[in-house]
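Colleague: only geometry, no sequence info:
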């Protein structure tokens, strides 16, 4: 029987303004997420950078093996490379185990691949200096299939040229932030079609699906198509084989 828990990043990324909760209520949600992950054997929690220390402390008290991941340049991805590196350094210093960078997909769409390459190399290098895992969110809902193919190929080429093969499994191409306004009823999260394109072109890199995976069947289908990790706000519902209500 498949252990779905080891594929899951249990996610809470809303600000108090986005959720309508107070700062303390948001803190309480993060704490609850950590305990929930520990109780259910979930691989990681994914929270905003300002809560990394809090999450690490909570999990340390439980002598937990649950990893703490956070997002960098979230959610638009248009932060400068310097700002992303500053945010990433602070997160690593706070104890983050995994960094999910939002790739500057706007720059990529505009043809500025040199900027995208620079942030990829600097962000990946910084993360690997600390022996951690890095994921690059390409925001598939903002891209055409051809662009998804192109950026997946480029990330693989840059990794192959600059980082040893044994590190590649710790570089993920990730589908989505879950916050992109796709519109017209289109999915703003992971789809099998997009996962297949990424998997076909990302070579020896890993793949993470995020957004829209809310039950066990959807999770198993993603895994069958080569996904190594799944970001979801419905982690417990997936494990209980119920359908979650949140969009991410």
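Modeller: Great, that's in hand. Keep in mind that this is a model prediction, so the values were computed, not measured.
Colleague: Now do the helices in this protein.
Modeller: Chain-ordered helices for the chain, with DSSP state H as the definition, fall at 16-19, 23-40, 52-61, 81-93, 105-109, 113-129, 145-162, 192-201, 216-224, 235-239.
Colleague: Tell me which of those sits most buried.
Modeller: helix 235-239 (a mean of 22; mean count of other CB atoms under 10 Å). From N, CA and C alone the C-beta is placed, and that goes for glycine too.
Colleague: Kindly state the distance between the middle of it and the middle of its chain.
Modeller: 17 Å (CA atoms, centre = their mean, to the nearest Å).
Colleague: Show residues contacting it.
Modeller: 4-5, 8-11, 36-37, 40, 42, 213-216, 218-219, 230, 232, 243-244 (CB atoms under 8 Å, 6 or more residues apart in numbering).
Colleague: so of those, which ones are in strands?
Modeller: 8-11, 230, 232 (DSSP state E).
Colleague: which one of these has the most neighbours?
Modeller: When neighbours are taken as other CB atoms under 10 Å, the top entry among the ones in strands among the contacts of helix 235-239 is residue 232 (32 neighbours).
Colleague: Would you mind confirming that that one makes contact with residue 7?
Modeller: No: Residue 232 lies out of contact with residue 7 (CB atoms under 8 Å); the separation is 9.7 Å.
Colleague: Kindly reformat the helices of the chain as TSV containing mean pLDDT.
Modeller: As requested, the helices of the chain are exported to TSV (pLDDT from 0 to 100):
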stretch	mean pLDDT
helix 16-19	94
helix 23-40	97
helix 52-61	96
helix 81-93	98
helix 105-109	98
helix 113-129	98
helix 145-162	98
helix 192-201	98
helix 216-224	96
helix 235-239	95
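Colleague: Identify whichever of these lies nearest to residue 175.
Modeller: helix 192-201 (5.8 Å; CB to CB).
Colleague: Report the angle between that closest one and helix 216-224.
Modeller: 20 degrees (axes from the mean of the first three to the mean of the last three CA atoms, to 10 degrees).
Colleague: and helix 192-201, what does it pack onto?
Modeller: Secondary-structure packing of helix 192-201 (3 or more CB pairs under 8 Å, 6 or more residues apart in numbering; DSSP states H and E): helix 145-162, strand 206-210, helix 216-224.
Colleague: wait, which of the ones you listed is closest to residue 59?
Modeller: Between these, strand 206-210 lies closest to residue 59; by CB to CB that is 20.6 Å.
Colleague: Each with direction, which strands does that closest one pair with?
Modeller: Sheet pairing of strand 206-210 (DSSP bridges) gives strand 171-174 (parallel), strand 229-232 (parallel).
Colleague: So which of those is the most surrounded?
Modeller: Most buried of the strands paired with strand 206-210, by mean neighbour count (mean count of other CB under 10 Å): strand 229-232, with a mean of 29.
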